[in-house]
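**Student:** Build me a model from this:
(2 chains)
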Amino acid sequence: MSRTAIAERLRATIGESRLTEVLQAYKEPRGAILPLVTLLRDEGVDIDADVTAWIAHTCEVSSAIVLGALSGFSELGRDLDSIVVCDGLTCRLMGASWVRSLLQERLGQDRVCTSVCQNASSSAPTLQVHGVLYGGLHEDSLHALAKRLERPASRD
Amino acid sequence: MQERRWLLEGVERPDADALDVYRRNGGYGGARWRQAAGQDVCALVVDVTESEAGRFRDRKLAERLPHRLIEGALIAAHALAADEVYLCIRADWRRARTVLGHALGEAEAAGWIGRPLGRSGHAVNFYVHPVPGPLPARGGDHLLPNLIECSRPEPRAAFGVDALPTLFGGSVLVHCAATLGYLPSILSRGADAFRVLGGKDFPGTVAVSVSGHVRRPGLFEIEIGTGTFGDVIDDLAGGTVAGGESLAIFCDGAPALKGEAIWSAAVDPAAWSHPGGGPQMGSFGSGTIVVADESVAPIELAAKWLRDAAELSCGQCPGCREGSAWLAKQSRRLRQGGVAGVGLPAFEARLEELATSEADGLSICGHPTVAAQMTQGLLQIAPDELSQQAAPGAEPCTNDGPLRTADSIHLRF
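**Tutor:** Next up, the predicted model:
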């Protein structure tokens, strides 16, 4: 796909008015790097080399600046399809290791990862899939969730 | 201008009013307000990132009471004559981001933001700035402006103790979300009404996040000085799940407490050595409390805490970068038990070095200090456990217990 086609697709994904709004929010366009990355990930776009180049072009910086900025966030290194089990202090006490083991057994090692505290400790143990937080997990609900996630991933 | 001066006096007057609220909550406010009042502040940066484990008050505020947060930020921005407000929120809190976005849309439609307001004709624009996590705990008020300028998630060294952080060359005030949430009621009802609640030096209420092995974990807003953390656990959070001596972990750097000590620890910053200078050793912080029952091994929690601290260290300060990684490795070996080569004196000395690194000027933020103090607090609970684990033949200890779910979840504002 050509650069122009990629740019058009990404602009359409975000929406022109939203893109303008994000870029205008900052005195210097480089401030918009993280908001653009977040918007694209929300829409299910993987931040690959082409997308990085488009963000760099849009924010008037080099791709190296974008890559350098993004390398500081472990969250951005995860697949969009990942099941992120909270491994914070409270979740660990409430059985996060058990949750992780069960999901890894059902769905495979690669699909399940852990994060530091997701700051929803009152609902511990918690996990996130496609940006949706699941809390107050118990054995039955976990099995039901695992069954749902066994299907090919779909963003509903 | 008159209107602005009134607002500034309302939030800044040191003898009586809301300054105490900011100071008490351990946020970035307090003294910063006075500095900001004399300067040309271009933006207000609101911290909705909640980088401390076990705390969920800012997240709940954004999800449940977004209008209060927006109103508080609008008042503060108006008082500072700041044209922009950046609400820095964790990117993975998608629900909170959506709710806040809707509330901002409503505020804009109602003419409160983005248009000249009041007699001053000053317009304030709001922007939601998503921040991917995780961030170093206690990164200080130079971290978020650095993130907005899109550098790495690294705190910035200040040019002077009193220097306000800068964003694209202009001065900004960075503020906690939760403390801004108090502003609308303080200004509408008056500071005196607020001071009726709580103690003399620390008036008002505090939102306590309670989680862990309790029956009804949740966020409880309680009047300062009206009870102990034991009362909060028993009366509001429904008590502990299992009997025996519970362990209360304060995630803001205070020592952990066990058994009866929890019942004598007052929910009052004045009773704590920091900030109130009271007899209770440690920092009151934001009132975050994680409860663990007696089955939990403190060394395991300390190992986990140090591992997270090492992962979140930005790596700028050598003491934090090397020290937290070394401590995480040694604590993992201690947890495994009976591993030769873990020198306890060296372990404890390194921990102390890290705990005092901020005060000694060896780190630019409070991240290593919080990590080390928290670990020291946990290890003080069970001093023998540390030497037992270092002895040859010790069994590995683990808290990887079965799945537990609370009876219900409570939110009381």
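
**Student:** can we go C-alpha only for contacts and neighbour counts from here?
**Tutor:** Noted.

**Student:** On the pLDDT front, check the residue of chain A found nearest chain B for me.
**Tutor:** For chain A and chain B, the shortest gap (C-alpha to the nearest C-alpha) falls at A:Gly95, measuring 4.2 Å. Predicted confidence (pLDDT) for A:Gly95: 92.

**Student:** how many neighbours does it have?
**Tutor:** Other residues lying near A:Gly95 total 23 when counted by other C-alpha atoms under 10 Å in any protein chain shown.

**Student:** again with B:Glu84
**Tutor:** Using other C-alpha under 10 Å, the number of residues around B:Glu84 comes to 24.

**Student:** Tell me if I'm right that it and B:Ala43 touch.
**Tutor:** Yes. B:Glu84 is within contact range of B:Ala43, at 4.7 Å (criterion: C-alpha atoms under 8 Å).

**Student:** Which neighbours do those two have in common?
**Tutor:** B:Ala77 (C-alpha atoms under 8 Å, 6 or more residues apart in numbering or on different chains).

**Student:** got a list of what the residue of chain A closest to chain B touches?
**Tutor:** Applying C-alpha under 8 Å, 6+ apart, the residues near A:Gly95 are A:Pro125, B:Asp400, B:Gly401, B:Pro402, B:Leu403, B:Arg404.

**Student:** Equivalent analysis for A:Gly131, please.
**Tutor:** A:Gly131 makes contact with A:Asp42, B:Asp92, B:Trp93, B:Arg94, according to C-alpha under 8 Å, 6+ apart.

**Student:** Ramachandran angles for it?
**Tutor:** Backbone torsions of A:Gly131, given as degrees, to the nearest 10, read phi 80, psi 0.

**Student:** how near is B:Trp263 to chain A?
**Tutor:** As for B:Trp263, its distance to chain A is 21 Å (criterion: C-alpha to the nearest C-alpha, to the nearest Å).

**Student:** Would it be right to say that B:Glu221 lies in a strand?
**Tutor:** Yes. Checked against DSSP: H, G, I helix; E, B strand; the rest coil, B:Glu221 lies within a strand.

**Student:** Phi first, then psi, for the closest residue in space to it that isn't next to it in sequence.
**Tutor:** Excluding the flanking residues, the one nearest B:Glu221 by C-alpha to C-alpha, 6 or more residues apart in numbering or on different chains is B:Ala207, at 4.1 Å. Torsion angles at B:Ala207 (phi, psi; degrees, to the nearest 10) stand at phi -90, psi 110.

**Student:** so what's B:Ala207 up against?
**Tutor:** By C-alpha under 8 Å, 6+ apart, the neighbours of B:Ala207 are B:Arg57, B:Leu219, B:Phe220, B:Glu221, B:Ile222, B:Ser286, B:Gly287, B:Phe413.

**Student:** Show me just the buried residues among the residues you listed.
**Tutor:** Among those, those scoring as buried are B:Arg57, B:Leu219, B:Phe220, B:Glu221, B:Ile222, B:Ser286, B:Gly287 (criterion: 16 or more other C-alpha atoms under 10 Å in any protein chain shown).

**Student:** residues near residue 36, how many?
**Tutor:** Answering for chain A, as no chain was given. Neighbour tally, A:Leu36, other C-alpha under 10 Å: 21.

**Student:** ah, no, chain B please
**Tutor:** 18.

**Student:** Let me see the contact set for it.
**Tutor:** B:Leu80, B:Leu164, B:Val172, B:Leu173.

**Student:** Now do the first one against chain A, distance only.
**Tutor:** It stands for B:Leu80. According to C-alpha to the nearest C-alpha, B:Leu80 stands 19 Å off from chain A.

**Student:** sorry, back to before: pipe the contacts of B:Ala207 into TSV and attach pLDDT per row.
**Tutor:** Formatted as TSV, the contacts of B:Ala207 follow (pLDDT from 0 to 100):
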residue	pLDDT
B:Arg57	90
B:Leu219	93
B:Phe220	92
B:Glu221	90
B:Ile222	90
B:Ser286	79
B:Gly287	81
B:Phe413	44
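
**Student:** Which of the contacts of B:Ala36 sits closest to chain A?
**Tutor:** B:Val172 (13.3 Å).

**Student:** Report all helices and strands that the helix or strand hosting A:Leu40 contacts.
**Tutor:** Using DSSP states H and E, A:Leu40 sits within helix A:33-42. Secondary-structure packing of helix A:33-42 (3 or more C-alpha pairs under 8 Å, 6 or more residues apart in numbering or on different chains; DSSP states H and E): helix A:3-14, helix A:16-24, helix A:49-58, strand B:125-131.

**Student:** how distant is the second one from the center of its chain?
**Tutor:** When you say that, I think you mean helix A:16-24. Relative to its chain's centre, helix A:16-24 lies at 21 Å (C-alpha atoms, centre = their mean, to the nearest Å).

**Student:** do the same with the first one
**Tutor:** Taking C-alpha atoms, centre = their mean, one finds helix A:3-14 lying 20 Å from the centre of the chain it belongs to.

**Student:** now swap in stretch B:44-57 and tell me
**Tutor:** 6 Å.

**Student:** Ok, stretch A:41-58 next?
**Tutor:** The answer for stretch A:41-58 is 13 Å, by C-alpha atoms, centre = their mean.

**Student:** Over to stretch B:212-225?
**Tutor:** That offset, for stretch B:212-225, works out to 16 Å (C-alpha atoms, centre = their mean).

**Student:** pretty sure B:Ala325 is touching B:Arg307, no?
**Tutor:** Yes. When contacts are counted by C-alpha under 8 Å, B:Ala325 is listed as touching B:Arg307 (7.4 Å).

**Student:** With adjacent residues omitted, what lies nearest to B:Asp40?
**Tutor:** B:Ser171 (6.8 Å).

**Student:** who touches the one you found in this structure?
**Tutor:** By C-alpha under 8 Å, 6+ apart, the neighbours of B:Ser171 are B:Gln39, B:Asp40, B:Val41, B:Cys42, B:Ala43, B:Leu164, B:Pro165.

**Student:** Equivalent analysis for B:Cys317, please.
**Tutor:** Contact analysis of B:Cys317 by C-alpha under 8 Å, 6+ apart lists B:Leu362, B:Ser363, B:Ile364.

**Student:** Show the pLDDT at it.
**Tutor:** We note a pLDDT of 91 for B:Cys317 in this prediction.

**Student:** do you know how far it is from A:Glu16?
**Tutor:** 42 Å (C-alpha to C-alpha, to the nearest Å).

**Student:** Quick check: residues of the stretch 201-350 of chain B near chain A?
**Tutor:** Proximity of the stretch 201-350 of chain B to chain A, by C-alpha under 8 Å from any C-alpha of the partner chain, involves residues B:209-213, B:217-219, B:290, B:292, B:296, B:301, B:304-305, B:308.
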